[in-house]
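Trainee: Quick one, fold the following:
(3 chains)
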Amino acid sequence: MSLLEVQNLRAYFHTRNGIVRAVDGVSFSVEKGETLGIVGESGSGKSVTCYSLMGLIPKPPGRIESGTARFDGADLLVMSEVELNQIRGKRIAMIFQDPMTSLNPYLRIEDQLIEPLLIHEKMPREEAVKRAIRALEEVGVPDAARRIRSYPHEFSGGMRQRVMIAMALITQPDLLIADEPTTALDVTVQAQILDLIARLQRERGMAVIWISHDLGVVAGFCRRVLVMYAGRVVESGRVEDIFARPLHPYNRALQRSIPALQGKGAELYTIPGLPPDVSKPLPACAFADRCEFAQSECRTGEVALKEIELGHASACMRVQRGELNL
Amino acid sequence: MKPIFLVATVGLGLALAGCKKSDSPAGSGSAQSAKKGDVKDAPSRIDGKMVLLRGNGAEPSDLDPQLVTGVPEHMILMGLFECLTGQDPKDLHPVPAAAERWEVSADQLTYTFYIRKNAQWSNGDAVTAHDFHRSYRRILEPTLAAQYAYMHHVVKGAQDYNEGKLKDFAQVGYKVVDDHTFQITLVGPTPYFLSLVNHTSWMPVHLPTVEKHGKAYERGSKWTRPENFVCNGPFTLAKWEVNQFISIVRNPKHWNAAAVKLDEIRFLPITDQATEERMFRDGKLHVTDTVPPTKIEVYQKNSPAYIRIDPYLANYFYRINVTKPPLNDKRVRQALALAIDREGIVKFVTKAGQIPAFNMTPPGTAGYTFRSSGSAGVAEAKKLLAAAGYPDGKGFPSVEILYNTQDTHRSVAEAIQQMWKQNLGIEVKLLNQEWKVYLDSQRQLNYQICRAGWTGDYVDPNTFLDMWLTGGGQNETGWGNKEYDRLITEAGRTADAAARLELFQKAEAILMDEMPILPIYFYTRSHLISPKVKGWHPTLLDLHPYEHLSLE
Amino acid sequence: MARFLFIRLLQTLPVLWAVATLTFFMVRYAPGGPFTAEKSIPPEILKRLEAHYGLDQPLGVQYLRFLKNLVTGREPSIRHANRTVGEIIRESFPVSLELGSWALLIALGIGLPAGMLAAQKPNTLQDYVPMSAAMVGVGLPTFVLGPLVVLLFALKFGWFNTSGWNAPSDRVLPAFTLGCHLAAYVARLTRGGMLEVMGQDFIRTARAKGASGWRILTRHAWRGGLLPVVTFLGPAAAGLITGSFVIETVFNIPGLGKYFVGSVFDRDIPVVGGTVFFFAALILFFNLLVDIAQAWLNPKVRLE
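Mentor: Just a heads-up that it's a prediction; the model follows:
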C-alpha cells in the first residue's frame, strides 16, 4: 500500500468572480521514503493540491469538490479538524516557500520549535527545549542553545528556513511536503538547504513531496515527477523519463525555457501566451491555446492521463494517438 | 466567549425592541410612556423628613447673593437669605420679612425699615441695620464689580458711588438710624421699590464671615462654601455636592422657623430637559425646572395633574437693527410686525400656552396693560411695504434673522421666514450662532434682525421700557427717540401712580409705532410638579417662597 | 527603556505647549467673553470684572498667567467663582475615571470576544451577527442609546435609577451605554486585525503543525491581531476617562466632561485651559502606554 494515495482530487474556490478550479481531478501516489516532485508554473495548482491534503486551504471560499486522499489508509479529505490535527505536524509536516513570513514574528524561535512536541508528544517543556536545541544543531544553526531564545527577525532567510525544517522534522514525520522551500533563498543557500533536506531524508527514510517550478532542482532531487498545468496533471513519470523523453508539449516547452539547458547565445525560449484563467471555461486540453501542435479536437475531445510507456503517462491526446513525437 | 457575545446581542436586541415600542425619547411616539399612572410620585418623606426635590437647571456659579446673576442661583438663595421685605406666596406682593414694618415718606423718597429684634443670622448673631448698610456698601463697591449693582441705582448716590464718581459712602442714601432702624433715600419715586428690595442683589450678607474667608470688597472669598456659610433665611446651606445637588435645611435660628414646614430642599442641577423629565417620571423630583416642549401635550393629555404652565414676566421678541436699510424704514418694520401670525406660532410651534405679544410689556404688569390701537392685518402690511418701495416684496434686499443655536428659536424663525414669504413676498435667511457669539453680534449691531428675550427684574413696566432709552446698555437696536426718553425719565420722577402708568402708555405707544422690536410672545413657565407639593401658586416671576411650601 | 521614557517625556513638552498656546488664543479670540450675558453689564463694571481676572492686562501677560495656571491649577474659574481649576479637576476627574474604566471594561469584554468570534469564521453567520450588531453600535450615538436604555431598564423595568451618581447601580447604565458604543469599534478593529493576522503565512505554519483553532488564537494570532485595538485604545481610553459630555448630561453625572464643553461655552478661560491641557497630557500619556504595549506585543518594535 502506498503511503499516500490521491484519487481524483478537485479543489475549487468559490469567489465573487466565479469558480476558480484550482485543482481539477488530480491523482497520484507517494510511496514510503519516496521523493515526488510536482512541477508547474505559478497557479498550476501544485501548491493547492498539497494544501488540500493538509486541510490548509481557506474554507470558504475553498472547497474540496471530490476525491480521496488515503494516508496510511485513512482519507485525509473527510477527517475532522481534530483528527487532522493529530496527523498535521506529526506524521505529515510541511515547509513553506517564504521563511520570512512563515515563522511567527511575535514568538521566540524556542516557542515555535517546541510547539509540535508539546502538541503531539505531550512532552514536558524542558525536555522539548532540549530536543529543539538538538534539532537546530542538526540543521546547522550555530550556537543553537543561545539562538533558540531569539525572535525570527533576528535570523537571516537561510537560517529561518533551517529553523522551519527543524520544526517540520522535529516529530519525525512520515511525509514532508516542501512547498518551494528554496525559491526565496539565494543560490548558495539554496544548495545548502537542498543538501540538508536530502541528508535528513536519507537518514530518516521519510517520503517527500517536493513542489517546485524549477525543473533543475526537481531533476537533481526527485525520483518521480508530476507536471501540472491549470489544475491538472499533464504528464507524470520517473524523473529521467520526464527529462529524456517529454510526452507532453507543455513539459517540452517548460524544458526549453530552462536557461541552463539552452545553448549559449541562443535566444531564451518562452512559452507563448499566458497561463489560463482557471475561473473561465477551458478547452478540453487546457494547454491547447498555447500549444504549437494543437488541433481542433484538443479543445473539444476527451482528455485523460494515459500511460504511454511503463510508469510514464501523458494527457496529450495527440501523443496518445502517436501523432506526435516530441 | 459565547455567553458574553450573547449578552451583547441580547442587550442590543432589547434596546432595539425598546426603540420600537416608544419610538424616540423625545418623539411623539413616547406618548404612551407618559400614560396616567406611569408617573411615579416622588416620596413626600425621606427618612421621616419632608424633603422637597427640585430640578434647578444649571449648576449654580456661586451662592454669594451679591455676585450671582442667574435664575438657578436665585432659586436657592431665596431660601437662604431674607431681604427687608418678603414676598407673598400668591402674588408676590411685599410682605414683612427681615423688616417687620416700614414707613414711606409722603414724597415717596424715603423708606424707613424697622428690622425685627428677633432676626438672627444662622450663627446666632443678630441681624441689624448695620448688616444691611454694610452689605449694600459691599455690592456698590466698584472693586466688587457686582453685575447686579445697578439694581441699587434707584437709591440716592448709589450709581455715582458704584461708578467711582462718589467716594464717600456716607453720602449714599443708606442710613442706620439705630440698630434696628434702617432708612433708604431714593433718587425719585419708585412705586416698585418694596418689590425691588427682595431681589437677590438686596439680600444682606454676613460681612464678618465674608472677611474671614477673603476680602470684603473683592471677589474670591470662600465664604459660600457650606462649612463657612452664614445666612439669615428660613433655610441654611447643608451640602453642596458640585454637579450633584445642593441641600438646604430648615434654619432653627430663623425668627419664623416654626412656620417653615419643609425640613430640607434639594436642588438638583439638571441641564438636559429630557433627563429631568425622566427623573421626574421616575419619582426622583417633585418639581422640574422645565418641561421638554415635546412632552407638554403628552402631560396635558395624560397627566394634567402633573403639569403647570403659568404666565411669566418675560417676552420673546426680535430686535431690529434700525441703522441699516431697508430696516431703517419704519414702514418696513411695521410691515414685518404685521405679517407675523403670532397665534400660529404659539399654537403650532412653541405649544406651551404662550401669549401672543403685540407690545413689549406683559399684560397686567403691576396694573399696567398696554392699550393696543388694535392690530391691522396683512393687507395693511402689504400696503406699508409697497409704500416703502417694495410692492409685493419686489426689490427687497436680502435680510437675515440671527438667533442663538437652539431648536425652539430655529422653529420660530423658520415659521416667521415662511410667514413673511407668504404674506409679504420677501425672502429672509436664517443664521444661527453659538450663544456668546450671538450675544456679541447683537451687542456690536452686527445683525439685521435678531432673536431676543427679556425677563423682568421686578414687577413693573419700567423693567421692560427703560431699556429702550437712547444709547441704553440693553437697547442694542440703534434706535432712539427723544420723546420716548423724555416720557420714561418723566415717569421715573412721577409719584402719582396713575399718571406714571399713563406716561408708560405713551412711551410704549411710541415704541410700538417705531417698531425697533417685533414682539412675538410672552413667555410662560412650565413645570412638572407632583400634586403632593402644596402652596405652589402661579406667580409672574415664577418665585415660590419656600416657607409656604409643604409636601402632602 | 529609561532613556526612551525620558526622550518621550521631553518630546511631549513642545506638544503640550502647542496645545496650550493654541487653546489660549482660540478662546481669547472667540467672539464674546466670559462676561457676555443677555443682560449686558455696564461698561465700568465690565472693566473692573476683567481687571479682577486679569483680562485687562496685555495679551502677553495674560498668556503667561494662563500658562502658569496650567502648572499650578490655582486660577479660579470664572463661571464657577467658588473653585479653582485644580479643585474642579480633582473633584470631577475621579468620577469620570471610574465611569470610563467601567465603560472600557465593558467595551473590551464585549468587543474583543465578538471581534475574535467574527474573525474565526469570516463571512458566516458567526461573523455577520456580531458585526451587524457592531454596525448598529457604531451608528447608534450615545445620546440615542442612553435615553433608550433609561426608558427600558430604568423606567419600564425599574431596575436602575434614571440618572445620578450615588448608588453603585447608578454606574451600570451610563457605563453600558458608553461601553457599548466603544465595544462596537473594538469589535470591528479586533475582527479586522484578527482577520489580517489569520491570513498570514505563519498562521498557516501553525495549522500545519497541528495547532488547534484555540491554540492558534491564544498563542499565535492575538498579539498581532490586537495591535490595531491597542493603538486605538490609547486615545480612546484617554477620551473615556476624561468624561463624556453627552453621557454626563443624559445621566446627570458630576464628571469632567461637562467642563470641557461648558467652559468653552462660558469662555471660562482658566477652565478651558486646564481641562484641555489635562486631556492633552492624558492622551500623550496613553500614547506612551500604547507604545510600551506595542513593544511588549511585537518584539520587532524596539523602544529606542
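Trainee: CA atoms for contacts and neighbours, from now on please.
Mentor: Noted.
Trainee: Now do the contacts for the residue of the stretch 1-150 of chain B found nearest chain C.
Mentor: Relative to chain C, the nearest point of the stretch 1-150 of chain B is B:Ser61 (4.5 Å; C-alpha to the nearest C-alpha). Contacts for B:Ser61 (C-alpha atoms under 8 Å, 6 or more residues apart in numbering or on different chains) come out as B:68, B:73, C:79-82.
Trainee: quick one: the residue nearest in space to the middle of chain B from B:Gly478, how far?
Mentor: Chain B has B:Thr455 as the residue nearest its centroid, 4.6 Å off, counting by C-alpha atoms, centre = their mean. In this structure, B:Thr455 and B:Gly478 are 21 Å apart, going by C-alpha to C-alpha, to the nearest Å.
Trainee: hmm, back to that, let me have the contacts of B:Ser61 in a markdown table, adding pLDDT, distance to A:Gly73 and neighbour count as columns.
Mentor: A markdown table is the format used below for those (pLDDT from 0 to 100; distance: C-alpha to C-alpha, whole Å; neighbours: other C-alpha atoms under 10 Å in any protein chain shown):
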| residue | pLDDT | distance to A:Gly73 | neighbour count |
| --- | --- | --- | --- |
| B:Val68 | 90 | 92 | 21 |
| B:Glu73 | 94 | 88 | 22 |
| C:Arg79 | 88 | 84 | 21 |
| C:His80 | 87 | 83 | 18 |
| C:Ala81 | 78 | 86 | 19 |
| C:Asn82 | 75 | 86 | 22 |
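Trainee: now the residues you listed in a markdown table, with secondary structure and distance to C:Gly213?
Mentor: As requested, the contacts of B:Ser61 are arranged in a markdown table below (DSSP: H, G, I helix; E, B strand; the rest coil; distance: C-alpha to C-alpha, whole Å):
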| residue | secondary structure | distance to C:Gly213 |
| --- | --- | --- |
| B:Val68 | coil | 66 |
| B:Glu73 | helix | 63 |
| C:Arg79 | coil | 58 |
| C:His80 | coil | 57 |
| C:Ala81 | coil | 61 |
| C:Asn82 | coil | 60 |
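Trainee: what about the one residue in the stretch 201-304 of chain C that gets nearest to chain B, is that helix, strand or coil?
Mentor: Residue nearest to chain B within the stretch 201-304 of chain C: C:Pro254 (4.9 Å; C-alpha to the nearest C-alpha). Three-state call for C:Pro254 (DSSP: H, G, I helix; E, B strand; the rest coil): coil.
Trainee: which ones are touching it?
Mentor: B:242-244, C:92, C:95, C:165, C:248.
Trainee: next one: B:Leu543
Mentor: B:Leu543 neighbours (C-alpha under 8 Å, 6+ apart): B:75, B:92.
Trainee: now for the chain, which residue lies nearest the mean position of the chain?
Mentor: I'll assume chain A. Centre-nearest of chain A using C-alpha atoms, centre = their mean is A:Ile211, 2.6 Å out.
Trainee: My question was about chain C, not that one.
Mentor: Geometric middle of chain C (C-alpha atoms, centre = their mean) lands on C:Gly239, at 0.8 Å.
Trainee: For the helix or strand encompassing it, the averaged confidence score.
Mentor: Using DSSP states H and E, C:Gly239 sits in helix C:222-241. Regarding helix C:222-241, the rounded mean pLDDT is 89.
Trainee: Same question for stretch B:393-408: list its buried residues.
Mentor: Within stretch B:393-408, the residues scored as buried using 16 or more other C-alpha atoms under 10 Å in any protein chain shown are B:393, B:396, B:399-404.
Trainee: actually stretch A:237-254, sorry about that
Mentor: Within stretch A:237-254, the residues that count as buried by 16+ other C-alpha under 10 Å are A:237-239, A:241-243, A:246-254.
Trainee: again, but for stretch B:168-175
Mentor: Neighbour-count burial for stretch B:168-175 flags B:169, B:172-175 (criterion: 16+ other C-alpha under 10 Å).
Trainee: Which of these fall within strands?
Mentor: B:174-175 (DSSP state E).
Trainee: pLDDT added to the buried residues of stretch B:168-175, as JSON lines?
Mentor: Shown next, in JSON lines, are these (pLDDT from 0 to 100):
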{"residue": "B:Phe169", "pLDDT": "95"}
{"residue": "B:Val172", "pLDDT": "95"}
{"residue": "B:Gly173", "pLDDT": "95"}
{"residue": "B:Tyr174", "pLDDT": "96"}
{"residue": "B:Lys175", "pLDDT": "95"}
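Trainee: which one is C:Phe66 nearest to, not counting chain neighbours?
Mentor: Spatially, and ignoring its direct neighbours in sequence, C:Phe66 is nearest to C:Pro270 (6.7 Å; C-alpha to C-alpha, 6 or more residues apart in numbering or on different chains).
Trainee: isn't the one you found right up against C:Gly86?
Mentor: No. If you go by C-alpha atoms under 8 Å, C:Pro270 and C:Gly86 don't touch, sitting 10.0 Å apart.
Trainee: Now do the shared contacts for those two.
Mentor: Counting by C-alpha under 8 Å, 6+ apart, the shared contacts of C:Pro270 and C:Gly86 are C:Glu75.
Trainee: out of these two, which sits in the busier spot?
Mentor: Ranked by neighbour count (other C-alpha atoms under 10 Å in any protein chain shown), C:Pro270 and C:Gly86 place C:Pro270 first, with 27 against 21.
Trainee: All the strands of chain C, residue numbers only.
Mentor: For chain C, no strands are identified by DSSP E.
Trainee: show me where it has helices.
Mentor: With helices called from DSSP state H, chain C shows them at C:2-29, C:43-52, C:59-72, C:85-120, C:125-139, C:142-149, C:172-198, C:201-208, C:213-215, C:222-241, C:245-250, C:257-266, C:269-297.
Trainee: out of those helices, deepest packed?
Mentor: With neighbours taken as mean count of other C-alpha atoms under 10 Å in any protein chain shown, those reach their highest mean count in helix C:172-198, at a mean of 25.
Trainee: what's that one packed up against?
Mentor: Helices and strands touching helix C:172-198, as assessed by 3 or more C-alpha pairs under 8 Å, 6 or more residues apart in numbering or on different chains; DSSP states H and E, comprise helix C:85-120, helix C:125-139, helix C:142-149, helix C:222-241, helix C:245-250.
Trainee: Briefly note if the longest one comes near chain B.
Mentor: Yep, that's helix C:85-120 we're talking about. Yes. Using C-alpha under 8 Å from any C-alpha of the partner chain, we find that helix C:85-120 touches chain B at C:109-110, C:113-114, C:117.
Trainee: Contact partners for A:Leu9?
Mentor: A:23-27, A:49, A:64-69.
Trainee: A:Glu292: neighbour count?
Mentor: That count, for A:Glu292 with other C-alpha under 10 Å as the rule, works out to 13.
Trainee: For residue 151, the count of nearby residues, please.
Mentor: Assuming you mean chain A. When counting by other C-alpha under 10 Å, one arrives at 20 neighbours for A:Tyr151.
Trainee: ah, I was thinking of chain B
Mentor: B:Met151: 20 surrounding residues under other C-alpha under 10 Å.
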